[in-house]
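J.: give me coordinates for this.
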Amino acid sequence: MKFNKDIKGPTEITKNFNENLRKSLPFDNNIDFKEVEKGLIDTTEDLIIKGKLLDEIWNLKDYNFLKDDWKSTVNPSLWRQAQLNLCNGLFEVCESVFQVRGYDISNITIIERETGIIIIDPLVSEESAKSAMELYYKNRGEKTVKAVIYTHSHIDHYGGVKGVVNQEEVDSGKVEIIAPEGFMEEAVSENIFAGNAMFRRANYMYGNTLSPSPQGHVDVGLGKQASKGISSLIKPTKFIKETGEKLNIDGVDIEFIMANGTEAPSEFMMYYPQFKIFNASEVISHHIHNLYTLRGAKVRDARKWWKAIDSIISIYGDSIEILIAQHHWPKWGNKKIIELLEKERDAYKFLHDQSLRLANQGYNPVEISEEVKLPKSLEKEWYLRDYYGSFNHNSKAIYQFYIGWYDGNPANLYPLPPEEVGKKYVEFMGGADNVLKKAKESFDKGEYRWVAEVCKHIVFADPNNEQARYLEADALEQLAYQTETATWRNNFLLGAFELRNGVKALSIERSDSFLSMPTELIMDYIGLLVKKENAENINIKTNLKLTDRDEIWFMSLENSTFIYRENSIDKNINFELNITISELLELFLDKSDFNEILEDKTKFKGDEDLLKQFIDVFVPFENNFNIVTP
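T.: So this is what the prediction gives:
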């Protein structure tokens, strides 16, 4: 019995699983394939976008295999979604309203009016946004940008802003930037405090280091992938605070519905009465969304989500003729739109209510996730399938939202860490060889979830056991081939890759959103970097003047804890710093400005050794920590 590190094809069990699913779903319903291409003006064959730092930040050419017949290494329902997300180009939604889709994970929406255009959600990267606008201008002519609207606080809806406008145009008043209340705080903070862990896990969720192929990356459900270019942020000039607010921008009437706490902490939706178009932002999409995102984030509120959808129906249900969103393709026709809205609303409310019903009957999160399935009246709607979020992990999120991580069983209150658990399990089960023998028997039966579970314990007990790593990888691979959820597939495949080959390093490129953070958030982040071992018995105090922000801060390190106060000066300090915010970040995060600051007496006064001792306490995070091994 020998296992190897080679990528495997689908087992007969996996082939049968996928074939049976293909027979059970309405693949003859091709309305989505008609609507995804409706209004197409221009497209780019084999679309590749070059980057400023990378040769390629976007490549659809590598996904041309999706134009062929379905392959059994991919769930057939996910293959269908991946084909739909391959479509790219400039589309006319209706007269004066256009979208560029397939140039990033999100859409850029453009409204033409009297003297210019309104741009909604300028994608993830400057390069992809610039390329999308070049396609638009090529077909519609150069036009002045009057306003940019960010629908919500996720980077795929604002990161490319400097690819469509510049800071000077905004500062001069030529361009207005509009966003929901709370946007800045949420945009710069969600991925900061736990950002290092989120970034590492995001690679698993989005499969950034997977190669496109029928046995590799095919999609992320929400779109093909997030572009890998330079992200940016320009601070909004106007914030929308409540449902019912109205604006007229260059002759375009816009009515707002707030959706904070649904898909994003800061989010709104819009109705354009002249066009009878409702823009659902990311509250509506052609799949079940995430109440908990696998990269890690605060759990979202399913109750607010279904209510936000219901508010669309109750306020604008009789008026909507076109439904657009900032991902996927539009829907036309009032009757079909209302049916979609009602069923999406019902799905989120059903998930919410049934998860809590079972929780109140004593079911734990794993038990709930096995029980909660869509009713038959909803389960075959393509826009309710598990391509991005899933009913399974969303039901666990609802449990966490209301009850927390603890399931109430005292045996789970104070468990041993994974390495110790692994050693105990392997010992109790008769040793690694015996476990592997039984695990192979389970693998042959198609019990891939169980094989991954037991092999995980061997790997954590002994990460050098190659046979356990390879068999666990084989099990994860089959789970990837079977799952309908693109984000699960990417998780399974990257787990398999790392078990076979080790961690594939991926570096973090900081965007200027870090520099856009309020100083208080930066101070909070710096506090996370204190390494306890380096801080023992250190007691240091300093005053800081941020010269470019005209701010004064007091900072101290005592009891291995970093404390700060704004507008506070202490007389009993060890040294004084007079630096910019970027120099502060370099000093604490990259350690690269240390000598330069010491040499400039306008920037530093005091004990040089204590400054070095102080800075050495703060240790930047390791980007590529292990996930599937200790």
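J.: okay, and residue 98 sits in which element?
T.: Element membership for residue 98, per DSSP states H and E: strand 97-101.
J.: the next helix or strand after that strand packs against which elements?
T.: Scanning forward in sequence from strand 97-101 by DSSP H and E, the next helix or strand is strand 108-112. Judged by 3 or more C-beta pairs under 8 Å, 6 or more residues apart in numbering; DSSP states H and E, the packing partners of strand 108-112 are strand 97-101, strand 117-120, helix 126-140. C-beta here means a position set from N, CA and C on the backbone, and glycine is covered the same way.
J.: 10 Å instead?
T.: The contact analysis (3 or more C-beta pairs under 10 Å, 6 or more residues apart in numbering; DSSP states H and E) places strand 108-112 against strand 89-94, strand 97-101, strand 117-120, helix 126-140, strand 145-149, strand 252-258, strand 277-279.
J.: and residue 563, what is it in contact with?
T.: The contact partners of residue 563, by C-beta atoms under 10 Å, 6 or more residues apart in numbering, come to 523, 527, 541, 554, 555, 556, 557.
J.: and for residue 214?
T.: Residue 214 neighbours (C-beta under 10 Å, 6+ apart): 9, 10, 65, 66, 68, 70, 71, 72, 73, 74, 79, 481.
J.: repeat the analysis, applying 8 Å as the threshold.
T.: 65, 71, 73, 74 (C-beta atoms under 8 Å, 6 or more residues apart in numbering).
J.: just the helices and strands packed on strand 108-112: most buried one?
T.: strand 277-279 (a mean of 26; mean count of other C-beta atoms under 10 Å).
J.: which strands or helices does the next helix or strand after that strand pack on?
T.: Helices and strands here follow DSSP H and E; after strand 277-279, the next one along the chain is helix 302-316. For helix 302-316, the packing partners by 3+ C-beta pairs under 8 Å, 6+ apart come out as strand 252-258, strand 268-272, helix 334-359, helix 391-402.
J.: and the shortest one with strand 252-258, angle?
T.: Going by axes from the mean of the first three to the mean of the last three C-alpha atoms, to 10 degrees, strand 268-272 is angled at 150 degrees with respect to strand 252-258.
J.: quick check: mean pLDDT across strand 268-272?
T.: Averaged over strand 268-272, pLDDT sits at 98.
J.: what does that strand rub up against?
T.: By C-beta under 8 Å, 6+ apart, strand 268-272 touches 97, 111, 149, 151-152, 180, 240, 252-260, 277-281, 283, 308, 312, 315-316, 319-320.
J.: contact partners of stretch 87-96?
T.: Contacts of stretch 87-96 (C-beta under 8 Å, 6+ apart): 36-44, 47, 60, 98-103, 109, 111-113, 135-136, 139-140, 275, 277, 322, 324, 329-330.
J.: swap the cut-off to 7 Å and go again
T.: 36-37, 39-44, 47, 60, 98-103, 111-113, 135-136, 139, 275, 277, 322, 324, 330 (C-beta atoms under 7 Å, 6 or more residues apart in numbering).
J.: so how do I select the buried members of these in PyMOL?
T.: To isolate the buried members of those in PyMOL, using 16 or more other C-beta atoms under 10 Å:
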select buried, resi 36+39+44+47+60+98+99+100+101+102+103+111+112+113+135+136+275+277+322+324+330
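J.: all strands of the stretch 101-250 of the chain, in order?
T.: 108-112, 117-120, 145-149, 176-180, 238-240, 246-249 (DSSP state E, counting those that start in this stretch).
J.: dump those strands to JSON lines, plus distance to residue 447 and mean pLDDT.
T.: Formatted as JSON lines, the strands of the stretch 101-250 of the chain follow (distance: least, C-beta to C-beta, whole Å; pLDDT from 0 to 100):
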{"stretch": "strand 108-112", "distance to residue 447": "45", "mean pLDDT": "98"}
{"stretch": "strand 117-120", "distance to residue 447": "48", "mean pLDDT": "98"}
{"stretch": "strand 145-149", "distance to residue 447": "50", "mean pLDDT": "98"}
{"stretch": "strand 176-180", "distance to residue 447": "47", "mean pLDDT": "98"}
{"stretch": "strand 238-240", "distance to residue 447": "51", "mean pLDDT": "98"}
{"stretch": "strand 246-249", "distance to residue 447": "57", "mean pLDDT": "97"}
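J.: between the ones you listed, which one is closest to residue 350.
T.: The minimum distance between residue 350 and the strands of the stretch 101-250 of the chain falls on strand 176-180, with 27.4 Å, by C-beta to C-beta.
J.: tell me which helix or strand residue 520 sits in.
T.: Assessed by DSSP H and E, residue 520 sits inside helix 519-528.
J.: looking at the strands of the stretch 101-250 of the chain, which is closest to residue 206?
T.: Once those are compared by C-beta to C-beta, strand 108-112 is nearest, at 19.6 Å.
J.: quick one: contacts of that closest one?
T.: 96-100, 117-123, 129, 132, 136, 143, 252, 279, 324, 326.
J.: gap between that strand and the chain center?
T.: In this view, strand 108-112 has its centroid 24 Å away from the chain centroid, taken as C-alpha atoms, centre = their mean, to the nearest Å.
J.: confirm that residue 556 sits in a strand.
T.: Yes: per DSSP: H, G, I helix; E, B strand; the rest coil, residue 556 lies within a strand segment.
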